[in-house]
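**Student:** Compute the structure for the input listed below.
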Amino acid sequence: MIDPCVHRLGDGTWRMWYNNERDTKSMHFADSPDLAVWVDRGKASDVSGRPGEGPYVFEWKGHGWMLVDLWKGLGVYRTDDFLHWQAQPSDLLGVPGHGPDDAVNGGHPGVVVSSDRVYCFYFTHPGRAGTISPGDKNLLSLRRSSIQVVELKAQDGWLACNRDEPTHIRLLPPDARDGAAKSDHHATGL
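**Tutor:** Residues are numbered from 1 along each chain as shown. Predicted coordinates:
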């Protein structure tokens, strides 16, 4: 088991998704009432059609979302019950960007939801272009990582992003988000 992601469900219990290395790098999940005792639930069947790693689960715009690193960009899955997932027809961050250190696919996401905006942090290996061979794995130029960020947008019921657009971040504390978002909306005329 590697790359766990824990999310609190609506009933107050916790669910963890993780990459099962021994099961063709498929996504599995486990449940806990208290973060101390876990019950393994097995394969997340709707997500395990493609091998991947680094699942990240979050809620936004009335749905649950899971991003998975497919080593050629991020797979996107949507759910309404955190059990049954639907795959987005297209992946994110598979097409290289044009910014410094962003000219390769994006991997291992982390997401921050702030008010009605969503920011996806991801890493790149700027020295890589495609798959590396076993003999290349120790080259520093291929192992160096860079952290990038892009704002996710809702488009036709799915997630989209443009990694070449500037991303301006304003993170708000959870208790101040509604009021601050309303005043920002009014002040900027948006």
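
**Student:** which regions of this structure lie under the pLDDT threshold?
**Tutor:** 130-137, 176-190 (pLDDT under 70).

**Student:** mind listing the helices for it?
**Tutor:** Per DSSP state H, the chain carries helices over the ranges 140-143, 177-188.

**Student:** which residues does Glu59 contact?
**Tutor:** By CB atoms under 8 Å, 6 or more residues apart in numbering, the residues touching Glu59 are 7, 65, 113. For the C-beta atoms, the positions are set from N, CA and C on the backbone; glycine is no exception.

**Student:** Which strand runs longest in this structure?
**Tutor:** strand 146-155 (DSSP state E).

**Student:** which parts of it are buried?
**Tutor:** 148, 150-152 (16 or more other CB atoms under 10 Å).

**Student:** mind checking how far Leu67 is from Pro51?
**Tutor:** 15 Å (CB to CB, to the nearest Å).

**Student:** Report the contact partners of the residue nearest to Ser141 when sequence neighbours are not counted.
**Tutor:** Computed as CB to CB, 6 or more residues apart in numbering, the closest residue to Ser141 that is not its neighbour in sequence is Gly127, at 3.8 Å. Listed by CB under 8 Å, 6+ apart, the contact set of Gly127 reads 139, 141-144.

**Student:** switch to 7 Å and redo it
**Tutor:** Gly127 sits next to 141-142, 144 when contact means CB atoms under 7 Å, 6 or more residues apart in numbering.

**Student:** out of those, who has the most neighbours?
**Tutor:** Leu142 (15 neighbours; other CB atoms under 10 Å).
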